[in-house]
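Asks: A predicted structure for the sequence below; I have some questions about it.
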Number of protein chains: 2
Amino acid sequence: MGLDDAAVKPHEQLASILAGDMEAVGVLIRERMASEHAPRIPEVTAHLVEAGGKRLRPMLTLAAARLCGYEGTDHVKLAATVEFIHTATLLHDDVVDESSQRRGRPTANLLWDNKSSVLVGDYLFARSFRLMVEPGNLRVLEILSDASAVIAEGEVLQLTAASNLATSEEIYLNVIRGKTAALFSAACEVGGVIAGAPEAQVKALYGYGDALGICFQIVDDFLDYGGAGDGIGKNIGDDFRERKLTLPVIRAIAAADETERDFWKRTIERGRQEEGDLEQALALLAKHGTLDSTRATAIDWAGKAKAAILELPPSELRDVLHDLADYVVERVI
Amino acid sequence: MGLDDAAVKPHEQLASILAGDMEAVGVLIRERMASEHAPRIPEVTAHLVEAGGKRLRPMLTLAAARLCGYEGTDHVKLAATVEFIHTATLLHDDVVDESSQRRGRPTANLLWDNKSSVLVGDYLFARSFRLMVEPGNLRVLEILSDASAVIAEGEVLQLTAASNLATSEEIYLNVIRGKTAALFSAACEVGGVIAGAPEAQVKALYGYGDALGICFQIVDDFLDYGGAGDGIGKNIGDDFRERKLTLPVIRAIAAADETERDFWKRTIERGRQEEGDLEQALALLAKHGTLDSTRATAIDWAGKAKAAILELPPSELRDVLHDLADYVVERVI
């Protein structure tokens, strides 16, 4: 790869290769988020949709289908479905997390109210199901409806695990597999399925999405303790303040001496946080090297994603997906 | 009908005729509300499921299938799907309405929290979609996913119409068709579809469910101003306090003189309610006879439901569904 190529980030390369398909996805999303009777619905949805995330998930579906040689148009419907599911979960997440900012803008629950976020999220879920029915492929329906259940399950698990110091790495993995990786893996898998790809390729696509999603979330959780001001739209320490047990903290608790354990008990379990506690938490993560080890774990998962995607036949898209895994961890290197 | 028969209410007759099927629905619901990782999910769901509503909606699906001569088992899956969708919407409704009581018990949002209600509702939605995929009937999937979207749309419309004195009877009809009738009509329609019934019968079943659902909701809205202590688990005036524009109030506003209009503006539009306002509202409904005319409208819809169901071939189930429409309005006679 030359120097010029290196400047173009993999998700931008992906967007450029898939520009025509993504255009069609955008048109479909705008069309299907409309509501005959309730104008509040497209208002709320547009606020989020037009904030313009990277649209990584629908691009994964399109890329997976294309790299398996798909030449039809149903992958556009599935990509829009995936983005609708994602948007619906964001609306509900912001209610559950009582967030006031997302992608650097005020959240819908702040601009309108929690009620609108709950109900518009429900509408988008329903619309996503309606859309995924259209290609008439039952396996696709199974994969995406299972993924939706696993997402909700992961969120509930996160809710009940919050502030619980006994949260293990295994539970953490279940949480992030649910809340993040399930949609990544389903997005990739349905691309392969709709393309009629051989089972081994579908499995590899699933494995790629799963590992990429896990990697993505671990990096996010890392950045919450170490990535201020990089434009991720999060403030350092949000997870700490919300008493979420993420990997850096889980590992610091596992390595804690008695005094440190008391600190975590007070701040996370009982939620009695004081001035200077975030700094103390950061010092403990540094002392036990858990940000470093969390980064190493993320790199591990990026490696698994790369290995999985290399099981697919060589193509430009495959190489971009390969590089995308590196790019996801690059944010923490 | 003899005196003995008259004592058995139509929904009890329905429950008795469909006892075997409903048993299977109950087993399936308990099985599918489980969660491998998040025990909070079945806890919250069981609280609601075991509060034991009349399970009218799943019975409609079973009855529709059976009265079209269906002898398979997929109708049980669809009935459980319908009940899951209903349970999910109840969980979200209680969050949106900030309710503290349902079916005479504390709501899940009160016992646990809003977060759990939102996320467990999402899980049930996803599980309902997973379940409805199993019979492998695409038309059923279209009907039920459309109904889910219309339900959410109706709720959003209700939210934005609340406290708006310009709410017309037409908007009201759209709201209740969404929030209530859409699931009744879909429940009936999919029963006919899964049975492979002729198109005219499927259409009649849809019409029956639509009219029954509208009738059901109008009666509910009537009882909110006139049915205290009859065990519906609601307090008189809840809708008034929540500034919901329901039929009795819409009609009273349409007939209001200037002073009365000021009253409605203050209490509903601006929400400045004082001691004695509910009594004054009730007096205005009485003055303009809008509880009577609301009752008459409900009876009209019951008539439409009865006419629709009579288009189906004669059978015991058909007659019970016919009587069910009378029973729904009987609550207000």
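Replies: Yep, that arrived. Numbers count the residues shown, from 1 in each chain, chains lettered A, B, ... in the order given.
Asks: mind checking the SS state of A:E155?
Replies: With DSSP: H, G, I helix; E, B strand; the rest coil as the basis, A:E155 sits in helix.
Asks: any idea how far chain B is from it?
Replies: 5 Å (Cβ to the nearest Cβ, to the nearest Å). Heads up, the C-betas are built off the backbone N, CA and C, glycines and all.
Asks: and what of A:E142?
Replies: 6 Å.
Asks: In what element of secondary structure is that residue found?
Replies: A:E142 is located in helix A:138-161, with elements delineated by DSSP states H and E.
Asks: could you check the angle helix B:138-161 makes with that helix?
Replies: Put simply, helix A:138-161 runs at 40 degrees to helix B:138-161, going by axes from the mean of the first three to the mean of the last three Cα atoms, to 10 degrees.
Asks: What mean pLDDT does helix A:138-161 get?
Replies: Mean pLDDT, helix A:138-161: 92.
Asks: buried set for that helix?
Replies: By 16 or more other Cβ atoms under 10 Å in any protein chain shown, the buried positions in helix A:138-161 come out as A:138, A:140-161.
Asks: Same question for stretch A:21-41.
Replies: A:21-22, A:24-26, A:28-29, A:32-33, A:35, A:37-38, A:40-41.
Asks: among those residues, which are in reach of chain B?
Replies: A:S35, A:H37, A:A38, A:R40, A:I41 (Cβ under 8 Å from any Cβ of the partner chain).
Asks: roughly how far out does stretch A:64-76 sit from the chain middle?
Replies: 22 Å (Cα atoms, centre = their mean, to the nearest Å).
Asks: mean confidence score for that stretch?
Replies: Rounded mean pLDDT across stretch A:64-76 is 97.
Asks: Show the pLDDT at A:K234.
Replies: 60.
Asks: Report the angle between the top helix by length along chain A and helix A:138-161.
Replies: Using DSSP state H, we find that the single longest helix of chain A is helix A:199-226. Per the same axes, to 10 degrees, the angle that helix A:199-226 makes with helix A:138-161 is 30 degrees.
Asks: in helix A:199-226, what counts as buried?
Replies: Buried, per 16+ other Cβ under 10 Å, within helix A:199-226: A:201-202, A:204-226.
Asks: If you count contacts, what does the following helix or strand past it end up packed against?
Replies: Proceeding N to C from helix A:199-226, the next assigned helix or strand is helix A:238-241, under DSSP H and E. On a contact count with 3 or more Cβ pairs under 8 Å, 6 or more residues apart in numbering or on different chains; DSSP states H and E, helix A:238-241 meets helix A:199-226, helix A:277-287.
Asks: What are the contacting residues of helix A:238-241?
Replies: Identification of contacts with helix A:238-241 by Cβ atoms under 8 Å, 6 or more residues apart in numbering or on different chains yields A:D221, A:D224, A:Y225, A:T246, A:V249, A:T267, A:I268, A:Q273, A:D277, A:L278, A:A281.
Asks: give the contact list for the closest residue to A:G178 other than its chain neighbours.
Replies: Residue nearest to A:G178 in three dimensions, not counting chain neighbours: A:G154, with 1.7 Å by Cβ to Cβ, 6 or more residues apart in numbering or on different chains. Residues in contact with A:G154, defined by Cβ under 8 Å, 6+ apart, are A:N174, A:V175, A:I176, A:R177, A:G178, A:K179, A:T180, A:A182, B:H37.
Asks: rerun at 10 Å
Replies: The contact partners of A:G154, by Cβ atoms under 10 Å, 6 or more residues apart in numbering or on different chains, come to A:89, A:174-183, A:217, B:37-38, B:119, B:123.
Asks: Determine which two of those are furthest apart.
Replies: Using Cβ to Cβ, the pair of the contacts of A:G154 lying farthest apart is A:Q217 and B:Y123, separated by 19.4 Å.
Asks: picking up where we left off before, export the helices and strands packed on helix A:238-241 to CSV and tack on mean pLDDT and distance to chain B?
Replies: CSV is the format used below for those (pLDDT from 0 to 100; distance: least, Cβ to the nearest Cβ, whole Å):
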stretch, mean pLDDT, distance to chain B
helix A:199-226, 96, 15
helix A:277-287, 96, 23
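Asks: Present the ones you listed as TSV; the columns should include distance to B:T294.
Replies: Shown next, in TSV, are those (distance: least, Cβ to Cβ, whole Å):
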stretch	distance to B:T294
helix A:199-226	52
helix A:277-287	58
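Asks: Please name whichever of these is nearest to B:N109.
Replies: helix A:199-226 (27.7 Å).
Asks: between that closest one and helix A:277-287, how big is the angle?
Replies: Going by the same axes, to 10 degrees, helix A:199-226 makes 120 degrees with helix A:277-287.
Asks: quick one: A:K244 is in a strand?
Replies: No - looking at A:K244 with three-state DSSP, it is coil, so not inside a strand.
Asks: For the residue lying closest to it once chain neighbours are set aside, which residues are in contact?
Replies: Once flanking residues are discounted, A:K244 sits nearest to A:A162: 5.6 Å by Cβ to Cβ, 6+ apart. By Cβ under 10 Å, 6+ apart, A:A162 lies in contact with A:V175, A:D239, A:E242, A:R243, A:K244, A:L245, A:I268, A:G271, B:K115.
Asks: where's A:V96 relative to A:R177, distance?
Replies: 18 Å (Cβ to Cβ, to the nearest Å).
Asks: quick one: which of those two has more around it?
Replies: Neighbours were counted for A:V96 and for A:R177 using other Cβ atoms under 10 Å in any protein chain shown; A:V96 has more, 25 against 22.
Asks: From what I see, that one and A:K244 are in contact.
Replies: No - between A:V96 and A:K244 there is no contact under Cβ atoms under 10 Å: 11.7 Å.
Asks: what's the overlap in contacts for those two?
Replies: Joint contacts of A:V96 and A:K244 (Cβ under 10 Å, 6+ apart) are A:Q158, A:L159.
Asks: Show me what counts as buried in stretch A:57-76.
Replies: Buried-residue list, stretch A:57-76, by 16+ other Cβ under 10 Å: A:57-68, A:70, A:74-76.
Asks: for these, which one is nearest B:Y327?
Replies: Of all the buried residues of stretch A:57-76, B:Y327 sits closest to A:D74, with 46.0 Å by Cβ to Cβ.
Asks: Skip the chain neighbours and tell me the closest residue to the closest one.
Replies: Nearest non-adjacent residue to A:D74 (Cβ to Cβ, 6+ apart): A:P135, at 3.9 Å.
Asks: quick one: what helix or strand has A:D93 in it?
Replies: A:D93 belongs to helix A:74-96 when assigned by DSSP H and E.
Asks: just the angle between that helix and helix A:138-161, please?
Replies: Angle of helix A:74-96 versus helix A:138-161, following the same axes, to 10 degrees, is 20 degrees.
Asks: Name the residues that touch the helix or strand just after helix A:74-96?
Replies: Going down the chain from helix A:74-96, the next helix or strand is strand A:101-102, by DSSP H and E. For strand A:101-102, contacts defined as Cβ under 10 Å, 6+ apart pick out A:47-48, A:51, A:53, A:90-91, A:93-94, A:107-110, A:233-235, A:238.
Asks: This completes my enquiry, with thanks.
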